[in-house]
Structure formats: structure tokens, C-alpha cells
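Asker: my questions are about this predicted structure, shown below with the sequence.
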Amino acid sequence: MLILLAFQVLMFCKISLAGRDLISLRPECKDDVKILMDMCEMDREDLANNWAVLDCVGSQTGLRKLSEKCDHYIWTVKLEVTRKEVFLNEAHKVCGEDISVCAGEPSSEPGHLLACLVEKKGETKKSECRKFLSQVENLIFSDFRLISPFLNKCEKDIGRLRCGKSQKSAGLVHSQGGTIQCLAENIEQVSGGCKKEILIIAELQSDDYHLDRALFIACKDDREQFCPQVESGQGEVYKCLMKNKMAVSQNCQDQIRRRQMMAGKDYKVNAGLARGCKEEIKASNCRRAGHGKSDKTTTQSEILLCLEDGVAQGRPVSNLCMSEIRDVRRQLMADYSITPEINLYCAQEIERFCKKTKNLKNGKTIHCLMEGIIGQNQKKIQYEIVKPKFSENCELSIKKLLMETQISSDWQVDPVLEDACEEVVAAICDPSHGNDAVLSCLMEHMRQGHRAMPAQCSAVLKQIHYFLAREVMIDTNLYKSCKNDAQRVCNESPGWHKVEDDSRHQLVFPCLVRNLYADDDDRDIEALNEDHLGRGVES
């Protein structure tokens, strides 16, 4: 005889479905008995217990289909059970203080607190609590918090159209995928309130693979407020929420930030980048960085640097891919908290010196750290011995961020720089020459003390210049311009700009500089490239 853990718990709790006939004997389900027996290897004794039947149906993914009328009847039973207090009372006894993981739910409608506990069972401390919640998960609508507005608006329509679907559907995140599909197929027959709920869930459902249940719950109202006209699919809803990140609710912000941090660890979490740059990632073999890892993941920074190298090597990059790259870079420069290294190594510095900016998430915290690091290092030069207030690891984290975001190639990825220098760019730097030329233009006019250069723009440029100059970064523009000279004059193969790959690459830039300042008769650098190389030396 099949022994189900959930059934054992329920027998222990002496809970019964009072007033309910046996599911297996109901007219709606009597023809489905053999399917139930085959699905879960149930015998007649198991079929005599409704809890065992619910557990069986809840644990399957629809490989064997119940009849429509039986499926709908079981759906009504499961909905009733979800709203009952019997499980919740037992949860209070078993879980005790662990109930606090859902502190905001006790006063909500029936079913919400238990659904919340099941969703957050991983956050509970008591093993018996986790075990209990795992055992009842298949017996209730465990995502009831997400689907309750939909059920409240559509319950009558579901009953009238017999659209209740109790069996799980493979690939669907929440339990009502089949029910929504049934209602959508009968969209002209449902009420206005139900139709709106169907459209809201169905639109976001196409993005469920890239989002997740927690984000859906947290951002559902924000999506309606800020992105009502955005068509779903292709990650567009998520992009819209991201653009409105600082305006959405705090819970939604937290979930967006969590996903951004996950994308930092695995680039495929960022569906826009993975899809928009699919061909470029393949052409540059960017996923090779993850081959040596146990989880085979490739980080977002590894992808960004690889794609940037592809640009430097002259490989074609689509406008869509460049747009996705820019979005990621700007996100990184705007919000320090989505970069794990900065969170880890600069936490004390942020709390001590940048507390006023840490909640703004507009790039100012990163520039606050840059300013503090520069000031400390300048004092080291002046006084030699200075008690460090900014750790070396914090400084390295900022350097790494600037390398990943490639400000030298696109000045607009830094919201602070863009805000400080936007008017100057319009006045003295022609944006039509490309974003990679704008920063060089700004640096040149700052060096010359141009009258149109305001103090704020100069201050931000000096911060960026300090970090770029210390790294002697060979940006894309410089590499492209001098690639042929490096091969012809210095006998260097392509890829010499990646000095971290081969120490011999560090000799290429000095070689080019020597030829730049050689006598005219000995000079072997093309005149067109002298300006780019000269600016590199000035850095």
C-alpha cells in the first residue's frame, strides 16, 4: 500500500474533509479511478482518503490527464482546502516562531499566510516546520498570494466555464496556468474584472522563465502603474521595470536588485543580454570562461569583457547587442549594490564616508568612493605614511568596475558623468563622432582649461582620469587605431591590448611611444594614429 508522508501528517493531526464525499466516488471522477491508481500506484484503500488523492494530483505534472469534469471538481476541493484554517492552525503549532518569516500576512485574507509559509519554507529554522510545509505543499495552492486576486475576480467564471485545472503543467511557474489558458480560450465569455486579471497574468506569464514568482508578486502593481502599455515577451516588461527601478515600490526594487545580482553571477539570467547578443557571444566564444567551473556558468562581467574584445578585434556587433551591453554597464555604474565585490569590500567605507548617497542608486556612491580613494592616495604621495581609510580591495573593486563598464568607450554609461558634462558635450564635443570619441574630447578640453568646462564636469573627469591613467588602459579606440602599427612596427600579434593575458604585451605600448617620439627619419607610426597615441601617453 502506498504510504504518503502528507497523509501521515494529516492523520496525526486528525484533520478531515468534513462534508465532502470521497473524490474517487464522485460522479465527476468515478471514470478516472484507474488513472489515479496508475499515476501514483494507489490502491483502493488510498482512494478512500481524499488527502491521498489530493497529494497524488498535486505531485504530478499532467503526464496522465484527468477528465475535464474530474479535474475541475478536484480544483474546487483544493481551493476550499486552501482557504480553510485547519492547516494554518497546525502550522502555528509545528512552526512556532518561524511564522515570523511571513510577518506581514497574518491579517491578510484566508489562505495567504499558509501560502507564504510554503513559499518561504527555506527561510524557516526548524526542520520539523520545513518538513510539515513540504508535506502540505501539494495539497493547497501554494502560490495563493499570487493567484488570489485572479481567483477572487474569476471564481464564478471558472465555475461556469468549468475551467478549474488541478493538475500541474510542466514549465509553468504558478499553479493556474491551465485555468488561465481555459479562460483565455473563452475570453469573450468571461466578466470584465476577470478578463483584466487574465490579461495581466497572461502577459507576464510569457516572461515567467526570465522572472520569478517573488518578483512577479512584488512588482505586479508596479507593472500596472509604470508599464501598462508595454507588450509582454522578450523581457520587455522586466526592462520597463528596470528603467523605473527608483520609482517602483521598495519590495519591487529589492526583487529587481536581487535579479541583477544573480545576472552578475550568470549572464543568462539577463535574458535581454543573452538573447540580444547571442550571435556575438557565439562568434567570440565568450562562454569558454565558464568551462572550467563546476557549475559551467559564465559571469556577466566575463561576457562584457569578451564582447568588448570582439569589438576591438573588428567583429561585427548588432545595434541590439550594443544596446543591451550599454544597459548593463549603466546599471552597474548607477547602483553599486548589484556589484558583489563593492558590497563586500567597500561596505565600511560606504557607511563611513558615503552614507548620504548610498540609498540614491544614481552612481554618486561610486564617485564618492573614487573621490575618497584619490584623496587618500594623494596624501600617501605627499606624506608617505597615511593610515588607510579605504582598503586596497575596495580600490581594486572600483578599478574592476570601470574596466567592465568601459567608460572610455561610452561616456554615457556613467549617469554622474553624463549629468555633469551633458551640456559641455553638446557645446564642444560632437556626439556624431561616436561615444568612444566623446571622453577623449572632454579630457582634451579639460587639459586645456576650456572656458566652457564647468567645475563639476572637470571634477568628475578627474576622478575617471585618475583610475584610467593608473591602469594605462588600452581602450577600444586606441587599439583599433594602432593595431596595424603594433603588428608592423613592434612585430606584435593581434590581442596585445590584453596585457593580463601575456606579460610581453606590456611592451607594446612603450614600443609605440618610442616610435611616436623618434626623429622624423626614424618614425614609423602612421600620422593618422599619432593623435590617439598621444592622448594615451597624456593619460
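Answerer: Good, I have the coordinates. Note that the structure is a prediction, hence the values are computed from the model and not measured. Numbering: from 1, shown residues only.
Asker: going by C-alpha atoms from here, please, whenever you check contacts or count neighbours.
Answerer: Fine.
Asker: low-confidence ranges in the stretch 201-350 of the chain?
Answerer: Filtered on pLDDT under 70, the stretch 201-350 of the chain yields the residue ranges 201-214, 232-233, 289-296.
Asker: again, 50 this time
Answerer: Under the criterion pLDDT under 50, the flagged ranges of the stretch 201-350 of the chain are 202-203, 205-207, 209-211, 294-295.
Asker: so where do the helices sit in it?
Answerer: Secondary structure of the stretch 201-350 of the chain, counting by DSSP state H, counting those that start in this stretch: helices at 213-226, 236-243, 250-265, 271-276, 278-283, 300-312, 319-334, 340-345, 347-353.
Asker: now for the first one, which elements pack on it?
Answerer: When contacts are defined as 3 or more Cα pairs under 8 Å, 6 or more residues apart in numbering; DSSP states H and E, helix 213-226 sits against helix 144-161, helix 236-243, helix 250-265.
Asker: ok, then the element right after whichever strand or helix holds Ile366?
Answerer: For Ile366, the element it lies in under DSSP states H and E is helix 364-383. Scanning forward in sequence from helix 364-383 by DSSP H and E, the next helix or strand is helix 392-405.
Asker: show me what that following helix is packed against.
Answerer: Helix 392-405 packs on helix 300-312, helix 319-334, helix 340-345, helix 364-383, going by 3+ Cα pairs under 8 Å, 6+ apart.
Asker: let's have those helices in TSV, adding distance to Cys286 and mean neighbour count.
Answerer: As requested, the helices and strands packed on helix 392-405 are exported to TSV (distance: least, Cα to Cα, whole Å; neighbours: other Cα atoms under 10 Å):
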stretch	distance to Cys286	mean neighbour count
helix 300-312	6	21
helix 319-334	14	20
helix 340-345	21	17
helix 364-383	28	17
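Asker: indicate which one of these is closest to Val489.
Answerer: Relative to Val489, the nearest member of the helices and strands packed on helix 392-405 by Cα to Cα is helix 300-312, separated by 19.1 Å.
Asker: got the contact list for that closest one?
Answerer: If you take Cα atoms under 8 Å, 6 or more residues apart in numbering as the criterion, helix 300-312 is touched by 263-267, 280-281, 284, 286-287, 289, 316-317, 325, 404-405, 476-477, 479-480.
Asker: the same query, at a cut-off of 7 Å, please.
Answerer: For helix 300-312, contacts defined as Cα atoms under 7 Å, 6 or more residues apart in numbering pick out 263-267, 281, 284, 286, 289, 317, 325, 404, 476, 479-480.
Asker: orientation of that helix relative to helix 392-405 in degrees?
Answerer: Comparing the axes of helix 300-312 and helix 392-405 via axes from the mean of the first three to the mean of the last three Cα atoms, to 10 degrees yields an angle of 50 degrees.
Asker: give me the distance from helix 300-312 to the chain's centre.
Answerer: Relative to the mean C-alpha coordinate of its chain, helix 300-312 is positioned 19 Å out (Cα atoms, centre = their mean, to the nearest Å).
Asker: same question, stretch 459-471
Answerer: Mean-position distance between stretch 459-471 and its chain equals 29 Å (Cα atoms, centre = their mean).
Asker: now that stretch: average pLDDT?
Answerer: Average pLDDT, stretch 459-471: 79.
Asker: now it: buried residues?
Answerer: By neighbour count with 16 or more other Cα atoms under 10 Å, stretch 459-471 contains the buried residues Val460, Leu461, Lys462, Gln463, Ile464, His465, Phe467, Leu468.
Asker: and Val190, how many residues sit next to it?
Answerer: The number of residues packed near Val190 is 19, by other Cα atoms under 10 Å.
Asker: before we move on, back to that, which one of the helices and strands packed on helix 392-405 lies closest to Ala437?
Answerer: helix 300-312 (14.5 Å).
Asker: what's the distance between Gly192 and Val94?
Answerer: Gly192 is 42 Å from Val94, where distance means Cα to Cα, to the nearest Å.
Asker: looking at these two, which one has more neighbours?
Answerer: A direct count of neighbours by other Cα under 10 Å for Gly192 and Val94 places Val94 higher, at 19 against 13.
Asker: from memory that one sits against Cys129, does it?
Answerer: Yes: Val94 is within contact range of Cys129, at 5.7 Å (criterion: Cα atoms under 7 Å).
Asker: any chance of JSON lines for the helices and strands packed on helix 392-405, columns distance to Val101?
Answerer: Converted to JSON lines, these look like this (distance: least, Cα to Cα, whole Å):
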{"stretch": "helix 300-312", "distance to Val101": "32"}
{"stretch": "helix 319-334", "distance to Val101": "30"}
{"stretch": "helix 340-345", "distance to Val101": "25"}
{"stretch": "helix 364-383", "distance to Val101": "31"}
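Asker: out of the ones you listed, which gets nearest to Thr82?
Answerer: Using Cα to Cα, the nearest of the helices and strands packed on helix 392-405 to Thr82 is helix 340-345, at 39.3 Å.
Asker: which helices and strands sit right next to that closest one?
Answerer: Counting contacts by 3 or more Cα pairs under 7 Å, 6 or more residues apart in numbering; DSSP states H and E, helix 340-345 packs against helix 392-405.
Asker: C-terminal to the helix it packs on, what's the next element?
Answerer: Elements were assigned by DSSP H and E; along the chain past helix 392-405, the next helix or strand is helix 415-428.
Asker: and the angle from that next one to helix 364-383?
Answerer: Helix 415-428 runs at 90 degrees relative to helix 364-383, counting by the same axes, to 10 degrees.
Asker: distance of the closest residue to Leu114 other than its chain neighbours from Leu151?
Answerer: The shortest distance from Leu114 to any non-neighbouring residue, by Cα to Cα, 6 or more residues apart in numbering, is to Leu88 (5.8 Å). Leu88 sits at a distance of 20 Å from Leu151 (criterion: Cα to Cα).
Asker: before we move on, what about His367?
Answerer: His367 is 48 Å from Leu151, where distance means Cα to Cα.
Asker: ok, Asp410 next?
Answerer: Asp410 is 48 Å from Leu151, where distance means Cα to Cα.
Asker: now do Tyr466
Answerer: Separation of Tyr466 from Leu151 (Cα to Cα): 58 Å.
Asker: how many neighbours does Lys387 have?
Answerer: Lys387, neighbours per other Cα under 10 Å, totals 9.
Asker: list the contacts of it.
Answerer: Applying Cα under 7 Å, 6+ apart to Lys387 gives no contacts.
Asker: and the pLDDT at it?
Answerer: At Lys387, the predicted lDDT confidence score is 74.
Asker: what is the neighbour count of Asn491?
Answerer: As a burial measure, Asn491 scores 11 neighbours (other Cα under 10 Å).
Asker: dihedrals phi and psi, it?
Answerer: The phi/psi pair for Asn491 (degrees, to the nearest 10) reads phi 50, psi 40.
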